[in-house]
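S.K.: coords please:
(2 chains)
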Amino acid sequence: MSRLNDANIKLAREIIARYPRPKSALIPLLHLSQEQNGYITREAMQHLGELVGVTSAEVYGTASFYEMFKFEPVGKYLINICGTMSCALMGAHELMHHAEKKLGIKAGGTTPDGVFTLAHAECQAACTEAPTLQVNYRYRLRVTPDDLDRLIDNLRDGKLNDEFPPHGVLSKVRQSIDASRAVGAKAPEDVNEAPAWLDGKAAL
Amino acid sequence: MTIVDPIKETAPVDPNVVNITINDKPVVARKGELIIAAADRTEDFIPRFCYHPRMSPVGMCRQCLVEVETPRGPMMVVSCMTPVAEGQVVRTATEGVKKAQEGVLELLLANHPLDCPVCDKGGECPLQDQAFSHGPGESRFVEEKRHYEKPIAISDIVYLDRERCILCDRCTRFADEVAGDALITFTSRGNDTQVLTFPDEPFSSYFSGNTVQICPVGALTAKPYRFKARPWDLEQTESTCTSCSVGCRTVVQSSRDELVRYQGVDIDPVNWGWLCDRGRYNFESVNSPDRLTSPLIKNGSELVATSWSVALENAARMIRLALAQSTNNVAILGGARGTNEDAFAWAMLADKLGINQRDAQLGDGLSPEVFNLAQATIDETCAASTIILLAPDLKEELPVLYLRLRDTAQKRKSRIIEFSSRNSGLTPYAWRTVGFEPGNQAQIVREALATPEMKEQIARGEVAVVVGRANLAESEVFTLQALGEVLSAVPTAKVLPVLRRGNVRGAVVAGLTPKNNSGDAIDILNAAAAGKIECLILLGVDPMADVADSGLVQRALAQVKNVISVDTMINASNRNADLVLPAAAYGEKNGTTTNLEGRISNVAQKITPRGTSRPDWMIATELSIALGADIGVSSLEDLNEKLVNTVAAFAPSSDAKSTHGDGVLMARETPVTISGVASRVTDRNAYNYRLVVSRTMYDSAQSTISSPSLAGIITEAAIFVNPLDLARIGVTEGASVRVGVDGTNIVIAVKAHNGVNRGTAWLPFNHTGVDIRPLLNIASDVTDVRIEPIK
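M.R.: Numbering: from 1, shown residues only, chains lettered A, B, ... in the order given. The predicted model follows:
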């Protein structure tokens, strides 16, 4: 089962209500689905299509545009090692080779126990702290091979569970929008009057 | 070139007129018009791939770059995304524009495989043509091109070659915007961007063929045409599709005297260039090896080939024999598949012989009275503020009319109020859908239209009513009653009658409809079953497959002494006929046809009729001579002249040219009001389910089953009920159930369907597998069935 579970369906409906058009909620719902399953499954895309009223093909088209949505199972921890210039100069390639040896997989692969996926990444925008990597999109900076060994061991031993939630969980804090603010979202073509914050200064 | 400005002459200051110059020549444009559309009315062609006048612009391919003067000098803009503005100065052929257009083309060709010699599009390819006219002539790209598996089947009909694709968004835009079937879409990003379906889900759209037609490269090809011909070997003629009664304008293309392709032609009043897949691909049935090539006559229990002279002599003998006792001994069924001239020739023959019993409808239409109500055209219907549907599922039965109504609802020009006993293709676009149980519609319509909300909507402006038979398991009376209710609530409403068979309106108006108060098709079949008809002429009809009540047809055909069939193939109805006369098919004859709104347009011959087959009108003429009752027709032109001079409705088509292009509307008669119909609501036993039987696009119609590309798409027969009713019956999806009425039972798979109301059951008509027609009795007002699990 990789459709959204009941609790997440409830959450999905809340998210959908924040937008003037249901399909605008697609990206947050894809994240929700990835959080539940670790990656985006066929059934998940079909379910999301039903929820927001678009075809499965449209969900797939949207999801496949974005690098962060995975269509194959990935490990519990996705390690992205930056390989762009500053990091490359500061030893990113050596770091990658070291990681490959340590995990026994090639870049792009997943360990047989399903815990780690190793991947190349382009610039992570922290060049002053090169070389960098991300574990489930959370930074580790100025990483040495020894740091990497410790990181992998600690992750495997569950010592870093607080810092690194499993792949798919974007935030440990759930955004909450008061229902009163969600109500009344209108599609642009249904808006006939200028929004209140314009204070009558400009006409539509 | 000087542009004559008709608007300017009559109204000097028109706020909707914008004056621009294109290449220093003045052009009059409409406010909001795009530069490329304005330029299309001049001699200056702007190259383009993604722009399509019937779809919203996207600026995807960047090929239509032109220069527009700005205070800061000339600026490069995409002419398909830039609206005209007063005083705008546009240049389409400067050095800068040339460089830009050549650059875009070089980039588009960078990954294009240039496999033109083996590409079906080669020779009619916008990419080829514009690389020639606007391209740089050489490429600096020396790297390896992108590779994909070629081609992949994305549906039963359409193949996709992603290497050839230039990502113009035409097919994906069409699927989403025009057809409402967004089953193909751009996936991935950047260099990996490609058009795909959802993994392992086909592009099963009824309109998929249009994407092949509008693809500006050879990325999309259709199975029926792949590698069949080279475009420069094609011969073509403009015609009108008669697969259903929408009357889409087409181009019929042939190669080596075989039909190979139909393409949609854009005419404003009807199809806007679109066709449905059934209409587009059923040309295969014309080429079928099962076509009859000579007359067949019964010899013992077998049909054997004979000559036309023997066949006509025998036909005359059979008719004369029957007429010797009474003119009521002969009846003619059908005629809706032919041209107006075919129908008129047979009507003249019937008049001459005194045959009153004739009907081009087969008991599933409406009284011809609906043609005399105040009529709406398709355009008038789409322009109405409110469109009331008392109609079958238009997406299934009249697909391109569905596209037009969907368009008007989507663009918020009209609001659709749908009355229906199950959800239709238009339900998602309807403003309000009011469900009813078959038999109760008149009451439901009356109550619904009396609510303040509906009254307010109706008061907004023009109202059009689309009326047709939605359910083969209920009497025509209920539809007419409901129509009566609409017309008494909105007396000014105009009516668009949607009878589905190709030229049914033309055939009825030309005279193939009961004369002198004689009975309709069902009365004819009843009379035949009672042994009162000696000679039955089937004019291109297969009542065994096409009349809901197959038991009645079986009894009728068994009782008739002589059955004469005029048809293109052997079917269930003429298999045991006494005489079968081979008829010329679509594409093999000239004439005119009439669509559902009464638009007369020409159908054209492109290939020679198979074997010795002949057009229906010619058969009628020769039969009349053999009978000694010559109808005096010497040629098709002569026959057409008689038609336009005799039948007032056809008078506007007296100039043959008027039936080309947009065609011409029939003369409208002074509208009458509908006569009162008695109410007959029947109650349903709560244990039973009330049947809705309707047609779908792909059923076992002769033209579909004898088109190999379409035949495989027809689905197995099944009965559909509401998911809650499925639980009530106590079975699971796909289980076999026993469906019974009055002691007749069939065993059929049951499926859940959210669009079916509780207490009703939907049976698609004429699918493969189980025959559902034993359940149908044409004499019943409605049909209630028991559905039981099989223990």
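
S.K.: And whichever residue of the stretch 201-350 of chain B sits closest to chain A, how close does it get to residue B:184?
M.R.: Proximity of the stretch 201-350 of chain B to chain A (CB to the nearest CB) peaks at residue B:201, 6.4 Å away. (Each C-beta comes from the backbone N, C-alpha and C, glycine too.) The gap separating residue B:201 from residue B:184 is 10 Å, by CB to CB, to the nearest Å.

S.K.: Which one of these two is surrounded by more residues?
M.R.: The neighbour count for residue B:201 versus residue B:184, taken as other CB atoms under 10 Å in any protein chain shown, is higher for residue B:184 (29 against 16).

S.K.: Quick check: closest non-adjacent residue to the one residue in chain A that gets nearest to chain B.
M.R.: Residue of chain A nearest chain B, by CB to the nearest CB: residue A:61 (3.4 Å). Distance criterion CB to CB, 6 or more residues apart in numbering or on different chains; nearest residue to residue A:61, sequence neighbours excluded, is residue B:185 at 3.4 Å.

S.K.: three-state assignment of the one you found?
M.R.: strand (DSSP: H, G, I helix; E, B strand; the rest coil).

S.K.: Run a quick neighbour tally on it.
M.R.: 25.

S.K.: Enumerate every residue touching it.
M.R.: Shown in contact with residue B:185 (CB atoms under 8 Å, 6 or more residues apart in numbering or on different chains): A:55, A:57-58, A:60-61, B:172, B:175-176, B:195-197.

S.K.: nearest to residue B:519, of those?
M.R.: Of all the contacts of residue B:185, residue B:175 has the smallest distance to residue B:519: 46.5 Å, by CB to CB.

S.K.: In contact with that closest one, which residues?
M.R.: Here residue B:175 is in contact with B:181-185, B:203, B:205, B:207-208, B:211 (CB under 8 Å, 6+ apart).

S.K.: and it, that's in a strand?
M.R.: No. Residue B:175: not assigned to a strand; according to three-state DSSP it is helix.

S.K.: quick one: it from residue B:167, how far?
M.R.: From residue B:175 to residue B:167 the distance is 15 Å (CB to CB).

S.K.: same deal with residue B:415?
M.R.: Counting by CB to CB - residue B:415 and residue B:167 are separated by 36 Å.

S.K.: Please apply the same query to residue B:517.
M.R.: The gap separating residue B:517 from residue B:167 is 64 Å, by CB to CB.

S.K.: Settle it for me: which of those two has more neighbours?
M.R.: residue B:167 (18 against 6).

S.K.: If we ignore the residues flanking it in sequence, what's nearest that one?
M.R.: residue B:193 (5.8 Å).

S.K.: right, and the one you found touches residue B:187 too?
M.R.: Yes. If you go by CB atoms under 8 Å, residue B:193 and residue B:187 touch, sitting 7.3 Å apart.

S.K.: More neighbours: these two, which one.
M.R.: residue B:187 (20 against 16).

S.K.: Show me what the more buried one bridges to in the sheet.
M.R.: Beta-bridge partners of residue B:187, counted by DSSP bridges, are residue B:194.

S.K.: ok, now which ones touch it?
M.R.: Residue B:187 neighbours (CB under 8 Å, 6+ apart): A:60-61, A:64-65, B:193-196.

S.K.: list the contacts for residue A:92?
M.R.: A:81-83, A:130-131.

S.K.: Same question for residue B:425.
M.R.: Contacts of residue B:425 by CB under 8 Å, 6+ apart are B:393-396, B:402, B:406.

S.K.: what do you get for residue B:655?
M.R.: No contacts exist for residue B:655 under CB under 8 Å, 6+ apart.

S.K.: if we can go back for a sec, between the contacts of residue B:187, which is closest to residue B:712?
M.R.: residue B:196 (22.4 Å).

S.K.: that's a strand at that closest one, yeah?
M.R.: Yes. Under three-state DSSP, residue B:196 falls within a strand.

S.K.: Skipping adjacent residues, who's closest to it in space?
M.R.: Per CB to CB, 6+ apart, closest to residue B:196 is residue B:187, 4.7 Å.

S.K.: Quick one, grab the pLDDT at that neighbour.
M.R.: Listed pLDDT for residue B:187 reads 97.

S.K.: that older thread, make CSV out of the contacts of residue A:92 and add secondary structure.
M.R.: Converted to CSV, the contacts of residue A:92 look like this (three-state DSSP):
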residue, secondary structure
A:81, strand
A:82, strand
A:83, coil
A:130, coil
A:131, coil
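
S.K.: okay if I get those as CSV plus pLDDT?
M.R.: CSV is the format used below for these (pLDDT from 0 to 100):
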residue, pLDDT
A:81, 97
A:82, 97
A:83, 94
A:130, 94
A:131, 97
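
S.K.: and chain B, which of these contact it?
M.R.: When contact is defined as CB under 8 Å from any CB of the partner chain, those do not meet chain B at all.

S.K.: Closest one of those to residue B:565?
M.R.: Looking across these and measuring by CB to CB, the closest to residue B:565 is residue A:83, at 76.4 Å.

S.K.: Just name the shakiest helix or strand of chain A by mean pLDDT.
M.R.: helix A:179-182 (a mean of 62; mean pLDDT, DSSP states H and E).

S.K.: near chain A, which residues of chain B?
M.R.: B:176, B:181-189, B:196-199, B:201, B:412.

S.K.: One more pass at 7 Å, please.
M.R.: Applying CB under 7 Å from any CB of the partner chain, we find that chain B lies next to chain A at B:182-189, B:197-199, B:201.

S.K.: Now do the contacts for residue 15.
M.R.: By default, I'm working from chain A. A:25, A:28-29 (CB atoms under 7 Å, 6 or more residues apart in numbering or on different chains).

S.K.: To clarify, I was referring to chain B.
M.R.: residue B:31.

S.K.: State the three-state secondary structure for it.
M.R.: Residue B:15 ends up coil, using three-state DSSP.

S.K.: which ones among the contacts of residue B:175 are found in helices?
M.R.: B:208, B:211 (DSSP state H).

S.K.: hmm, back to that, for the residue nearest to residue B:167, phi and psi?
M.R.: Main-chain dihedrals, residue B:193, degrees, to the nearest 10: phi -60, psi 130.

S.K.: Doesn't residue B:46 lie inside a strand?
M.R.: No. Applying three-state DSSP, one finds residue B:46 to be coil, outside a strand.

S.K.: Show the subsequent helix or strand relative to the longest helix seen in chain B.
M.R.: Longest helix in chain B by number of residues (criterion: DSSP H): helix B:308-325. As assigned by DSSP states H and E, the chain's next helix or strand after helix B:308-325 is strand B:330-334.

S.K.: That following strand pairs with which strands, parallel or anti?
M.R.: Here, using DSSP bridges, strand B:330-334 pairs with strand B:358-359 (parallel), strand B:535-539 (parallel).

S.K.: I'd like the ones you listed written out as CSV, with mean pLDDT and mean neighbour count added.
M.R.: Shown next, in CSV, are those (pLDDT from 0 to 100; neighbours: other CB atoms under 10 Å in any protein chain shown):
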stretch, mean pLDDT, mean neighbour count
strand B:358-359, 97, 30
strand B:535-539, 98, 27
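
S.K.: So which of those strands is nearest residue B:607?
M.R.: Smallest distance to residue B:607 across those (CB to CB): 22.0 Å, for strand B:535-539.

S.K.: In terms of secondary structure, what does the next helix-or-strand element following the closest one contact?
M.R.: Later in the chain than strand B:535-539, the nearest helix or strand by DSSP H and E is helix B:543-546. Contact here means 3 or more CB pairs under 7 Å, 6 or more residues apart in numbering or on different chains; DSSP states H and E; on that basis helix B:543-546 packs against helix B:550-559.

S.K.: just the angle between the helix it packs on and strand B:535-539, please?
M.R.: 130 degrees (axes from the mean of the first three to the mean of the last three CA atoms, to 10 degrees).

S.K.: Give the next helix or strand downstream of helix B:550-559.
M.R.: Scanning forward in sequence from helix B:550-559 by DSSP H and E, the next helix or strand is strand B:562-567.
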